[in-house]
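> Got a sequence here, can you model it:
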Amino acid sequence: MREILGRRRRLRLRRKEGAARLDAALTFATAWQWPVLPGAGTAPAALRDGRGLGCACPDPDCAVPGAHPFDPALLAATTDERMVRWWWSNRPTAPVMLATGGRAPCAVSLPALAGAKALVALDRMGMRLGPVVATPTRWSLLVAPYTLERLGELLYSKDWVPSSLRFHGEGGYLVLPPSEIGAGQVRWERAPSPPAAPAPAGAVLRRAARRGGAPVAATPWLPDVEAVLDALVEASTSAPDGGSRLAY
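Predicted coordinates for the structure are as follows:
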């Protein structure tokens, strides 16, 4: 009897998590116009050395377990509500992946310890930050879209850029909350906030059919990458090594 009750609780929890991920994916795609797709996800049978879950992809040595696109591929990322619903109806526990660049946000990620240090430094400077995604091993600051050319110019001006910094631009991806990956739970360290200046009503409020036409918050505000880059480089340089640049 106790075993049956335990299975039922686990089933209810999975359903609740699946509903939360579908709702988040729909908000990203339809309200904020961020292209998303499901990630590879984790596989309990792929436990490795007691260091969390392995990846559901075929690679037994996957460097980013669960936190990357696999099937479908990254190019399938979309803002289409019907496609998003179909994906997460079939795979309710799949991680939510953002296809970065283009008109979508870009991001800069760094080891968690360095990320915490960078946020303290940016707060002391009075810098307004955009959304910050946190996993147990890495933090990612979402920034306004940038081109590879502009990023190259910014990095060229630096004396040195730590290899632990990872840049998620055009053709890249980032896992978003409330996903679960091999390293653990993905959460907002800094939740998305609306634009500072009022925008026209049509831009601020979008209608979402899933909520019966209720208003949905405007696309979150994002800082320019140049505004935060120095603090991220400094924090990554002075913090203890946080693992490889691919580690999530």
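
> wouldn't Thr100 be in contact with Ala107 here?
Yes: contact status for Thr100 versus Ala107: in contact at 5.9 Å, counting by C-beta atoms under 8 Å. Just so you know, the C-beta spots here come from the backbone N, C-alpha and C atoms, and that holds for glycine as well.

> joint contacts of those two?
Taking C-beta atoms under 8 Å, 6 or more residues apart in numbering as the criterion, Thr100 and Ala107 both touch His168, Gly172, Leu174.

> out of these, which one sits closest to Trp34?
Relative to Trp34, the closest of the shared contacts of Thr100 and Ala107 is Leu174; by C-beta to C-beta it sits at 10.1 Å.

> Mind listing the residues bridging to the closest one?
Beta bridges link Leu174 to Leu98 when assigned by DSSP bridges.

> Also Val36?
Bridge pairing for Val36 - DSSP bridges - gives Thr78, Leu98.

> In contact with it, which residues?
Val36 touches Ala25, Phe28, Ala29, Ala77, Thr78, Thr79, Val84, Val96, Met97, Leu98, Ala99, Leu176, counting by C-beta under 8 Å, 6+ apart.

> how close does Ser89 get to Pro38?
Look at Ser89 and Pro38: by C-beta to C-beta, to the nearest Å, they are 11 Å apart.

> Compare the two and say which is more crowded by neighbours.
More crowded of Ser89 and Pro38, by other C-beta atoms under 10 Å: Pro38, with 25 against 10.

> and the gap between that one and Ser179?
In terms of C-beta to C-beta, Pro38 sits 10 Å off from Ser179.

> Ok, Pro145 next?
22 Å.
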